[in-house]
Structures are given as structure tokens and as C-alpha cells.
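K.L.:
Curious how this folds, go ahead:
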Amino acid sequence: QVQLVESGGGLVQAGDSLRLSCAASGLTFSSYAMGWFRQVPGKEREFVARITYRGAYRYYADFVKGRFTISRDNGKNMVWLQMDSLNPEDTAVYYCAAGSVVGQPSRVDYWGQGTQVTVSS
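P.N.:
Modelled structure (predicted):
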């Protein structure tokens, strides 16, 4: 059974940083691209960042470029999202994702349960 378990969310102030973690199990981790998405109530889930199988390539949504960094460790079956310079518009539930590409929700094979990030002004 595949499990993606996120952690690290919370309530922070604008300008602060958070580091989200995702622990994967039940899959051959190094065979999957990994990504992060986010969703706010009433809106579609949107792409935030993704990283290829061995971490050679990373891609980001325009609204997080220069502020967020995705990384992975295939030896630990972990992926992280370092979020700096947070602003209130970053408030959302953040989801870890695994799949062949994970550039959009329809390409995701597995989802985590999500972790809430709230940024106060």
C-alpha cells in the first residue's frame, strides 16, 4: 500500500519560512517523480513544484520561483519543500504527489493527505 505522509505545516507570519516533509512508503521511490501541489477552498488544486526521479531537474510554478525549493533523498524515501518569504497568498493545504511526471493533477498516481499552511499578515 502506497503512503505519502506530509508534515511540517503550521501557522506562520508573512516573511517567515517553513519546511514541508513527505515520507513515502510502499513504492519504489526512485522510480517516481515527486511534486507538491496546493489547494484553497473553492479553487482547483494547483501545481507548486516537482522534481525528477533522481533529482536532476526541478520545476516551479511562477508564483513560487526564487522562494520555494524542492529536494529529495532517494535513500530515505523523502521529499521536502523549503518555503521562504511566505506571504498570505501562500495559505493553502499542501499535498505531496508521486507519479510519472506530476506536472498537473491528472498525471499524479498517488497523493498524500495534505498539510495546512497558514500565513498571517
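
K.L.:
make it CA atoms for all contacts and neighbour counts henceforth
P.N.:
Will do.

K.L.:
Tell me the strands beside the host helix or strand of Ser71, with direction?
P.N.:
Element membership of Ser71, judged by DSSP states H and E, is strand 68-73. As defined by DSSP bridges, the strand partners of strand 68-73 come to strand 78-83 (antiparallel).

K.L.:
could I get the strand it pairs with in CSV with only the CA atoms?
P.N.:
Taking C-alpha atoms only, strand 78-83 is exported to CSV below (Å, rounded to 0.1, in the frame of the first residue of the first chain):
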residue,chain,number,x,y,z
MET,A,78,11.8,11.6,1.4
VAL,A,79,10.9,14.8,-0.4
TRP,A,80,10.9,18.3,1.0
LEU,A,81,9.6,21.7,0.1
GLN,A,82,11.5,24.6,1.6
MET,A,83,9.3,27.7,1.6
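
K.L.:
Next, the contact list for the residue nearest to the spatial centre of the chain, please.
P.N.:
When CA atoms, centre = their mean is applied to the chain, the residue found nearest the centroid is Trp36 (2.4 Å). Taking CA atoms under 8 Å, 6 or more residues apart in numbering as the criterion, Trp36 is in contact with Phe47, Val48, Ala49, Arg50, Leu81, Tyr94, Tyr95, Cys96, Ala97.

K.L.:
and the helix or strand that it is a member of, average pLDDT?
P.N.:
Secondary structure from DSSP H and E places Trp36 in strand 33-39. Averaged across strand 33-39, pLDDT comes to 98.
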